[in-house]
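K.L.:
Okay, sequence plus prediction incoming.
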Amino acid sequence: MASRAPPPSPRPPPAQLQLRVHAASLFSPRLPHPRAPPRCRGQRSRLLSALPSPSPSPPSRSQRVSTAPLERDSPGPAPSHEQPQPRGNPALAAEIARLSAARARLSAARTLDDKLRALDAEPRVAAFFGEGSSSGVLGALEAREVLLLKCLVAAGQEHVLGDELEWSGRGHHEHHHNGVSGGSALREALYSLAGLVGKWSSEGVVGGETGGGEMGLLRSLLKFLGDMEEFYDCIGGIIGYQIMALELLSAPKDRTHRPNKDKFVDFHIPEGFNLLEDTEYASQAALWGIEGLPELGEIYPIGGAGDRLGLVDSETGESLPAALLPYCGRSLLEGLIRDLQAREFLHFKIFGNQCITPVAIMTSSVKNNHEHIIAICERLDWFGRGRENFRLFEQPLVPVVNAEDGKWLISKSLFPVGKPGGHGAIWKLACDRGIFQWFHRHGRKGATVRQVSNVVAATDLTLMALAGIGLRHNKKLGFASCERRPGATEGVNVLIEKQNLDGLWSYGISCIEYTEFEKYGIPEPTVNTGSLQGSYPANTNILYVDLQAVEEIGSRKNASCLPGMVLNLKKAVSYVDHLGFEYSAAGGRLECTMQNIADSFANTYNYRCSKGIESELDTFIVYNERKRVTSSAKRKLKSEDRSLHQTPEGSLLDIMRNAHDLLSSCSVEVPMVKGNSEYLRSGPPFLIFLHPALGPFWDIIRQKFIGGSISKGSELQIEVAEFLWKDVELDGSLIILADNIMGSTKRNKNGEQMLHYGARCGRCRLESVKIMNEGINWNSASNVYWKHDVERSESVKIILHGNAEFEAKDVVLKGNHIFEVPDGHRMRVIQDRAGFVVKLDPISEEMMDSGTWYWKYTVDGVYVKLNMIEL
């Protein structure tokens, strides 16, 4: 790709510019490309030197960090409407003061007309629009829309509007792009050419949206600004967003210069329930969670762009969001619902009740995320759950600001660069969209929260133990945590202890994001010990929340409803302009973090508490082994990578390690999974994919798998819940697929297909069976293991239609075989002298729903015991 100089901006960012080839290229073969200037490292150095220099944290031998007698803000500062006192760039300080005064005047104005008059009094607004409020473009807009544009200009972002439209009665402004006038003749020619192409497109000559052009862009901008003004109304709308961005941009990076708000603050490693050590309590807590499932909802924040995955539609070239990643044979979103249904199936098997959990999903418009999520749900008939058990609510995009001066980055006039504003938006947005009231109508008290990229979050009993403790002990928020991995870009959980100026002490478990480590002096772990001792645990964003408690915070009319607000400048922002040039600029947007709502749940005492206070708090934490808690598919593995962390390949290996640990505890011999470097050389030692409805608790799965072996290079996929494996030897590929994994579907009164647990399930029993075939062709270059997209030479495949049953006992299956069992039939494979024979019999009418056998689940103390019932 050719490198280009960036277009001018108010203070030109040190952006590296590249030309992408797009479907509607602006260049003909005869038009010469501008020559790229030599890359200048000094440009980036000058930009970085303009930012406040963070002071290095002193070396620490302890994980206890004290800032006494200095005050510590709650993790992720929540600026108030008070006059800020920035200590850095004087220009930013002056701008913050100007904007704060403007916000105060707008806040005092009661009516829309009063607000417009207050904005007209702003010198920047008067200079830009002149007397043109009733003429030109403004004259064609509603008063509310005029307000949004004037707020934009009052916020110092008039460069977003450009000069293509008539903003005042005095003719066009001097041309400017990204806020600066001037530019080379060649650039002006390119802008003119781009405008011509845009006009063709709007007229339908080139494929595109009808009714486009500048007015179409203006309508999109007005929606962007309207969503922004509404969502950030708690801090002053558009102007409040800019104030907060500038406050964070100018805040000292050295915590020793931060203002004092408390007498004392200290961080401690939080004590919690270790599910690995106290297995009896872990099982009890998980049973509380399964029993309380009718009181639980499920919340998925999946509005992120997932840029690091580089996921692209192979046919259209369209960039796709992370939720669509085809992982282990299905999208990540499908994996979330699959895990949830496994828990509902377990509830049915124990208590005999059908339970459908309401699911709230926060989406966004980035990469058509919202439309793609709806398309998946509709294609899969809303997963047999009914449309009424889902609520999708769209997260607004927020502007990206330049790291040097806070100006909004734009792709072209009227088109600011927008990104989702962090998953912390979920609480306020859920309040604004009535999500909590919807949960309450479904009789829900609490909810579990997990992210789409964490593919192991529902492994074993961690999630249900977390929810069970939260429900049983009326907690407001709980974290599922584990040991940290050195170098991982993840936050930490801490116990915060502080004394305020009134002498009161407060305690709570919360989170500090990795972007804030330097600010708060959080040291990085140097070695991976696999222990929780001596180091802050990892924040995994697996949460339990009390719905009434988080609703109260989300409904507040101040910054506390946007928890953990940060301006993350650690990663360059990439975007493409209207000429097809790609920029990578130093910038960021305001992001809030959902887990830092915990800061609002601290408990207050009039005395200093002793060690062990955690059990009394409204917040709590549970621990488990890392590979059972978090392993994410967030970034694409690059050819030069030596680390698999946060890649689909790395998370696949963790799934295989869990499979090894689980089956080894069932007396099944399974090869060891070696280090990640071995995967880079030769791939995984085996592929084992077990449907979560087999458990999902490992204690339940252990009763369905007894003895046998799985050889190196083998493949095992089991997609059926009613299953028995006893003394099976597998050397090759075994794939078991069922239409009715957990039950069957029936149409409801609305014509929707609804899944009924336990009814007409497929069933499979394998006892003393030896399976040998060539299996996967491990030398095939087309294999993508984390997609479960592999080339097979041979396999044994069992396909169960409807309530079909398959049984094999004391038999050897050698070579390639497909056993396809029709609905309503039972197939038995029996050994004879020539090899084996297959017998197919119809299932009697009275056993059509129950099957000829089934697992009966009963609670025995704190454990679930299984008994096979044969009819």
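P.N.:
Alright, I've got the coordinates.

K.L.:
what's the neighbour count on Glu483?
P.N.:
20 (other C-beta atoms under 10 Å). Placement of C-beta: from N, CA and C, glycine included.

K.L.:
List phi and psi for it.
P.N.:
Per-residue torsions, Glu483: phi -70, psi 150 (degrees, to the nearest 10).

K.L.:
Please apply the same query to Ala781.
P.N.:
The phi/psi pair for Ala781 (degrees, to the nearest 10) is phi -70, psi -10.

K.L.:
Look up how far Gly743 lies from it.
P.N.:
40 Å (C-beta to C-beta, to the nearest Å).

K.L.:
Which pLDDT does the model give the nearest residue to Ile621 once chain neighbours are set aside?
P.N.:
Distance criterion C-beta to C-beta, 6 or more residues apart in numbering; nearest residue to Ile621, sequence neighbours excluded, is Gly272 at 3.6 Å. pLDDT for Gly272: 95.

K.L.:
Near Gly272, how many other residues are there?
P.N.:
22.

K.L.:
what about it, distance to Glu298?
P.N.:
Taking C-beta to C-beta, one finds Gly272 at 23 Å from Glu298.

K.L.:
again, but for Ile361
P.N.:
Ile361 is 9 Å from Glu298, by C-beta to C-beta.

K.L.:
would you say Gly289 is within a helix?
P.N.:
Yes. Judged by DSSP: H, G, I helix; E, B strand; the rest coil, Gly289 forms part of a helix.

K.L.:
For burial, what's the neighbour tally of it?
P.N.:
There are 28 residues near Gly289, going by other C-beta under 10 Å.

K.L.:
can you give me the helices for the stretch 351-500 of the chain?
P.N.:
369-379, 426-432, 435-441, 462-472 (DSSP state H, counting those that start in this stretch).

K.L.:
winner for burial among those?
P.N.:
Looking across the helices of the stretch 351-500 of the chain with neighbours counted as mean count of other C-beta atoms under 10 Å, the highest average goes to helix 462-472: a mean of 26.

K.L.:
helices or strands next to that helix in the packing?
P.N.:
helix 279-291, strand 446-449, strand 477-482, strand 538-546, strand 619-623 (3 or more C-beta pairs under 8 Å, 6 or more residues apart in numbering; DSSP states H and E).

K.L.:
and among the ones you listed, the most buried is which?
P.N.:
In terms of average neighbour count - mean count of other C-beta under 10 Å - the standout among those is strand 477-482, at a mean of 28.

K.L.:
Identify the neighbouring strands of it in the sheet and state each direction.
P.N.:
Strand pairing for strand 477-482, determined by DSSP bridges: strand 538-546 (antiparallel), strand 619-623 (parallel).

K.L.:
a markdown table for the ones you listed, including distance to Ile688 and mean pLDDT?
P.N.:
Shown next, in a markdown table, are these (distance: least, C-beta to C-beta, whole Å; pLDDT from 0 to 100):
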| stretch | distance to Ile688 | mean pLDDT |
| --- | --- | --- |
| strand 538-546 | 23 | 97 |
| strand 619-623 | 26 | 98 |
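
K.L.:
which stretch among those strands comes nearest Pro692?
P.N.:
strand 538-546 (15.5 Å; C-beta to C-beta).
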